[in-house]
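**Q** The following comprises the amino acid sequence and a computationally predicted model.
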Amino acid sequence: MKINSVSGRGLPLPGNDIDTDRIIPARYLKCVTFDDLGQYAFYDVRFDENDKPKDHPFNDPRYKGASILIVGRNFGCGSSREHAPQSIKRFGINAIVGVSFAEIFADNCTAIGIPAVTAEQGDIDNLMNFVKDDPACDMTVDLNKNEVAYGDFQISIRLPEQSRSALVNGSWDSTAELLSAKDRIQETASKLPYNNNFS
Amino acid sequence: MGKSLLDKVWDAHKVRTLPSGKDQVFIGLHLIHEVTSPQAFAMIREKGWKVMYPQNTFATVDHIVPTQNQARPFADPLAEEMMQALEKNTKEFGIKMFDFATKKQGIVHVIGPEMGLTKPGMTIACGDSHTSTHGAFGSLAFGIGTTQIRDLLATQTLALSKPKLRRISITEKLGKGVFAKDVILAIIRKLGVNGGIGHCYEYGGAVLDGMTMEERLTICNMSIEGGARIGYVNPDKTTFEYLKGRELSPKGKEFDNATTWWSSMASDANARYNDKVEMDGSKIEPMVTWGINPGQSVGVGENLPNPESLPVNDRETASEAYEHMSLKPGQPIRGTEINVAFIGSCTNSRISDLREAAKVAQGRQVAKGVRAFVVPGSQQVDLAARKEGLDKIFTEAGFDWRNAGCSMCLAMNPDKLKGREISASSSNRNFKGRQGSATGRTLLMSPAMVAAAAINGKVTDVRELMK
């Protein structure tokens, strides 16, 4: 599937260095499928010990149905658990716009077809404020124009070219493409001394 | 210009450049565990794909295993289900599994090196961010997500972007009571928790040159806490000595051939780096974290920083940290009372870690009211420690001695903090909720410092107990 753009309403989530333990607490990793993870996204900051909802953007009715998450710096730091972007995706998010992302998290997003794009701090602040004032406004993350358009505004976004290209060309779903080079994989492997027990 | 180890290993493993611009890279060693692999196996099963290189793939169980009662079925049905899924998947796809019965089970990043699976010049991947640990041998080792595990199972390759390279030199000599853990915490404090994004770290300098393999493993382990997905140390005599005689190391003439190849993969003297950082190792103190990320640390003799004194970008997280930790700017970290002491994790659960902690615990008693426990990193570490009598030293001092596993590093098993408890922990992450309680608190430090905190019931400069 080619992903050229994502449109929808925004969900602002302020804060920096939000780690993957915060996004999906480890106890919800005890599962053999990702299917049910949406309900557990940000669980410990969304609910108290008695499972009562707390004040959190993911619980805010104004953002219900939003599909573009707006975040701060170093989002998704910590563990490699794909459960983190999977839970966000299954909550209903199709793109993330932030100041910066931890590397494994960003790679995991690309691998499951979620553009994780970055913008300048000032632009992110403006975008968050705009959405807080007008949560019903639609926006578009455009990977060809490298911009997010909302209201009368556009902000520039960045995404590593290799990830952008994979999303736009549809090769983010990577296994088939990798598998097509089977002969070359075997050729590379056969030249590595450790694959021949150093004999 | 010469080549770095990063260049050489990358080139040797590169299959081709993909249309996206990423490189398709062969992975020499794929390690799997129960938490991040079941969905990947489900994906390849659904497509009818096979595991392309089962001989390069090894499994163990670590995250969910209880460290007390390991009788099957596990008391937690979800843990039992994950264990069974791994048993079924490894059997069906012909993958060697180090389970309890082999007596070689343990934390995946502890058993790779001790079995001789981890070797210089290799690419290594595992669905766990602390895979950077294996870089201690001069390999390129990194964590991946489950969708990438699917790719790796089916093709033994990954689509990767080559990172930039930063050389980090630690000069001079470490002081008494200062360990590898303190060095990496000091590096992360200096470069920041996101300073390494997009980078591979090459660690070197006199301090690294003089370190044992186990110390280098601790350094590389926490590369990811500084944002660097990969960290490595160039292979040298220390590396080869460690590998000699390991169960899955090459033997005889093959070992000599291997040494020649491994040596050739080290960075050339005139290798190109994107940037270089130097730190004076003699100035590093025993470190303790006070906040909610591993960059928020101080030397044990320091007072906690005022958020205003920190770089602008760090102030908001610092304020959040003070609120969560119930600590105040300006107060000393020393003397902070603790409830729990945890010695273990892929960062610090090897035999040398346990020895250093045992020296502190020997002949002393855990403070009243402190729950203290030691979790060896593998069944083999457990056995070696028992042979030396370390288990006795710890239990006589009032520590609990457990079976191998990830334990309270991430609390996917019965070992958890309760409520607002505060732990002195030899693990790698102090994120909110990391140790199993949303309101729980974690102070990261070296195993010897954890032992000292357990004895005094509060954060203590371990050097006082080493006189």
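**A** Perfect, thanks for sending it.
**Q** Please compute how far the top helix by length along chain B lies from its chain's middle.
**A** Selection of the longest helix in chain B by residue count, based on DSSP state H, yields helix B:77-93. Its chain's C-alpha centre and that of helix B:77-93 lie 24 Å apart, by C-alpha atoms, centre = their mean, to the nearest Å.
**Q** avg pLDDT for it?
**A** Regarding helix B:77-93, the rounded mean pLDDT is 97.
**Q** tell me the helices in chain A, going along the chain?
**A** Going by DSSP H, chain A shows helices at A:20-23, A:43-46, A:83-91, A:103-111, A:121-133, A:161-169, A:175-179, A:182-190.
**Q** mind putting the ones you listed in CSV, mean neighbour count included?
**A** Where C-beta positions appear, they are placed from N, C-alpha and C, glycine not excepted. Putting the helices of chain A into CSV (neighbours: other C-beta atoms under 10 Å in any protein chain shown) gives the following:
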stretch, mean neighbour count
helix A:20-23, 26
helix A:43-46, 20
helix A:83-91, 25
helix A:103-111, 27
helix A:121-133, 17
helix A:161-169, 20
helix A:175-179, 19
helix A:182-190, 15
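**Q** ok, longest strand in the chain?
**A** Just so you know, I chose chain A. strand A:5-12 (DSSP state E).
**Q** look at chain B instead
**A** Longest strand in chain B by number of residues (criterion: DSSP E): strand B:164-171.
**Q** follow-up on the earlier one: any chance of the helices of chain A in CSV, plus distance to chain B and mean pLDDT?
**A** Converted to CSV, these look like this (distance: least, C-beta to the nearest C-beta, whole Å; pLDDT from 0 to 100):
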stretch, distance to chain B, mean pLDDT
helix A:20-23, 4, 96
helix A:43-46, 4, 96
helix A:83-91, 8, 98
helix A:103-111, 4, 96
helix A:121-133, 9, 97
helix A:161-169, 4, 96
helix A:175-179, 4, 95
helix A:182-190, 5, 98
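**Q** would CSV of these with distance to B:Ile184 be doable?
**A** Shown next, in CSV, are the helices of chain A (distance: least, C-beta to C-beta, whole Å):
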stretch, distance to B:Ile184
helix A:20-23, 20
helix A:43-46, 27
helix A:83-91, 24
helix A:103-111, 18
helix A:121-133, 29
helix A:161-169, 29
helix A:175-179, 34
helix A:182-190, 33
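**Q** What about B:Ile184, how many residues nearby?
**A** Applying other C-beta atoms under 10 Å in any protein chain shown, we find 28 residues neighbouring B:Ile184.
**Q** again with the one 4 residues further on
**A** The burial count assigned to B:Ile188 is 26, neighbours taken as other C-beta under 10 Å.
**Q** Identify the residues contacting the helix or strand following the longest helix of chain B?
**A** Where DSSP states H and E defines the elements, the next helix or strand beyond helix B:77-93 is strand B:96-98. With contact meaning C-beta atoms under 8 Å, 6 or more residues apart in numbering or on different chains, strand B:96-98 is reached by B:54, B:57-61, B:86-87, B:90-91, B:104-106, B:111, B:115.
**Q** at 10 Å what do you get?
**A** Strand B:96-98 is contacted by residues B:32, B:54-55, B:57-62, B:86-87, B:89-91, B:102, B:104-106, B:108, B:111-112, B:115, B:117, B:248, B:378-380 when judged by C-beta atoms under 10 Å, 6 or more residues apart in numbering or on different chains.
**Q** Drop the exposed ones from those residues and show what's left.
**A** Buried by 16 or more other C-beta atoms under 10 Å in any protein chain shown: B:32, B:54, B:57-62, B:86, B:89-90, B:104-106, B:108, B:111-112, B:115, B:117, B:378-380, out of these.
**Q** For chain A, tell me which of those residues show up nearby.
**A** B:Leu86, B:Asn89 (C-beta under 10 Å from any C-beta of the partner chain).
**Q** Quick one: neighbours of residue 76, just the number.
**A** I'll assume chain A. When counting by other C-beta under 10 Å, one arrives at 28 neighbours for A:Gly76.
**Q** my question was about chain B
**A** For B:Asp76, the neighbour count with other C-beta under 10 Å is 16.
**Q** So if we follow the domain assignment, how does chain B break up?
**A** Following the assignment in automatic domain parsing, chain B carries domains at B:5-264, B:287-465.
**Q** can you tell me which residues contact B:Gly369?
**A** By C-beta under 10 Å, 6+ apart, the contact set of B:Gly369 is B:Glu337, B:Ile338, B:Asn339, B:Gly457.
**Q** Same question for A:Ile104.
**A** Counting by C-beta under 10 Å, 6+ apart, the residues that A:Ile104 touches are A:20, A:76-82, A:84-85, B:129, B:131, B:142-145, B:148, B:224, B:229.
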